[in-house]
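Enquirer: below: sequence and its predicted model.
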Amino acid sequence: MQFSNKSNTTRWVLISSSFLIIVLILWNTYTFFQIFKNEERIKIELFAEAQKTINNATDDTDMDLPLLIIQNNSTIPLILTDKNDSILGSNNIDEEIINDTIKAKQLLKNFKNSNDPVVLEYAKGKFRYLYYTNSPLLTKLKYYPIALLLIIVLFAALVYNYYKTSKISGQNKLWAGMAKETAHQIGTPLSSLIGWVEIMKADNVDETTVQEIEKDIYRLQNITDRFSKIGSEPSLEERDLVEETKHAFEYLQSRFSKQVLFTFKAPQHKIPILMNPTLHSWTIENLVKNAIDAMKGRGSIIVIVEDDGKLAKIKVIDSGKGIPKNQFKTIFEPGFTTKKRGWGLGLSLTKRIVEEYHKGRIKVLQSEINKGTIIQISFKR
């Protein structure tokens, strides 16, 4: 607990420090932008004064400095107008734009929205107006904070994704470890039960009773085998899909009440598929049990095995409450459940068994509210 609190404190300190650094960078960028903007305003005012000096020049006027100021403005776009907004001249603007009346008026409008004009009094009571916009350098600086924010957001997304992936990986290892430990713990009493069955046989206990107990012991061994395979790559072997599916179906059929009508349909020929029989039976069990839960223990279950030459398919059809279309993919996510009890791991495990271990596909093929659902598994032949 103490370690967890320390870790959380460190995390929040890092987040707060990062946020503070971002704020400082953005503030400094804004400050630089305002400084450069003011400097450009001063340059334009100097340009206006130089222009005024040239216009009022006499033979003995020193023109070197005004000309130098005008010539050195090679970055700030300028437009000189009269009081009627007629364009009298321009600087650092493409002549093609200035010569196009419509484009020139639109550009002048943009300049007016960008900065206040510098007013030149070229004669007593007569004025001209010098409009300008930001230089390319200042424009780039203006958008720099946005680019910086995008980079920060992208970096934060990458960090979050890495953190989330690491967390999920750690959780997966934890669940795999717990599953293997559970399988190990079940093994001890299971061995004892096998011994007791042998004693019952020696004492001539009713054979039917012994057989039923043996079936349940086999079932427990199967469950133990399933849990021991979580987190490790299972071995695959060629098996008949029809036979393995039918075997799992019949076991479930014998364990549920008569209020559930079970139907199994399959081709007469074998369908050889590379599979792990233990995990395949778990898949069928999860789908059938989930279907029975959707029907609240009353209705019909149809399991169909199909073969179209390229794909082998298993369809589990129920007459339950159905699934909304926006949940067709969500139901296979870990933790998703509509039941009051349960952790929502059944269908997510099923998806992992089908797609990661058997390289197949599982999806909700069709579903209607209060009419039923069809879930389909497909394997390449």
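Expert: It's in.
Enquirer: where are the low-confidence patches of the stretch 1-150 of the chain?
Expert: Counting by pLDDT under 70, the stretch 1-150 of the chain has low-confidence residues at 1-8, 11, 50-74, 122.
Enquirer: hmm, 80 instead?
Expert: Applying pLDDT under 80 to the stretch 1-150 of the chain flags residues 1-19, 21-23, 25-26, 28-30, 32-37, 39-76, 88-89, 91, 120-126, 134-149.
Enquirer: quick one: the strands in it?
Expert: Ranges of strands within the stretch 1-150 of the chain are 78-81, 87-91, 118-123, 126-132, based on DSSP state E, counting those that start in this stretch.
Enquirer: would you turn those into TSV with distance to Trp282 and mean neighbour count?
Expert: Any C-beta I mention is one placed from the backbone N, CA and C, and that applies to glycine too. Listed next are the strands of the stretch 1-150 of the chain as TSV, based on distance: least, CB to CB, whole Å; neighbours: other CB atoms under 10 Å:
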stretch	distance to Trp282	mean neighbour count
strand 78-81	77	21
strand 87-91	78	15
strand 118-123	81	13
strand 126-132	75	19
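Enquirer: so can I have a markdown table of these showing distance to Thr350?
Expert: Shown next, in a markdown table, are the strands of the stretch 1-150 of the chain (distance: least, CB to CB, whole Å):
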| stretch | distance to Thr350 |
| --- | --- |
| strand 78-81 | 70 |
| strand 87-91 | 72 |
| strand 118-123 | 74 |
| strand 126-132 | 68 |
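Enquirer: closest one to Glu238 among the ones you listed?
Expert: Closest of those to Glu238 is strand 126-132, at 79.9 Å (criterion: CB to CB).
Enquirer: walk me through which strands the closest one pairs with, and which way each runs.
Expert: In the sheet, strand 126-132 lines up against strand 78-81 (antiparallel), strand 118-123 (antiparallel) (DSSP bridges).
Enquirer: quick one: contacts of the first one?
Expert: Yep, that's strand 78-81 we're talking about. Under the contact criterion CB atoms under 8 Å, 6 or more residues apart in numbering, strand 78-81 has outside partners 44, 47, 51, 87-93, 107-108, 111, 120, 128-132.
Enquirer: swap in 10 Å and give it another go.
Expert: Under the contact criterion CB atoms under 10 Å, 6 or more residues apart in numbering, strand 78-81 has outside partners 44, 47-48, 51, 85-93, 98, 104, 107-108, 110-112, 117-118, 120, 128-133.
Enquirer: ok so, going back, and the strands paired with strand 126-132: which comes nearest Phe256?
Expert: Phe256 lies closest, by CB to CB, to one member of the strands paired with strand 126-132: strand 78-81, at 85.4 Å.
Enquirer: and the closest one, how far out from the chain middle?
Expert: Centroid separation between strand 78-81 and its chain, computed with CA atoms, centre = their mean, to the nearest Å, is 51 Å.
Enquirer: stretch 156-163 now?
Expert: Chain-centre distance of stretch 156-163: 11 Å, with CA atoms, centre = their mean.
Enquirer: and it, average pLDDT?
Expert: Across stretch 156-163, pLDDT averages out at 78.
Enquirer: again with stretch 287-305
Expert: Averaged across stretch 287-305, pLDDT comes to 91.
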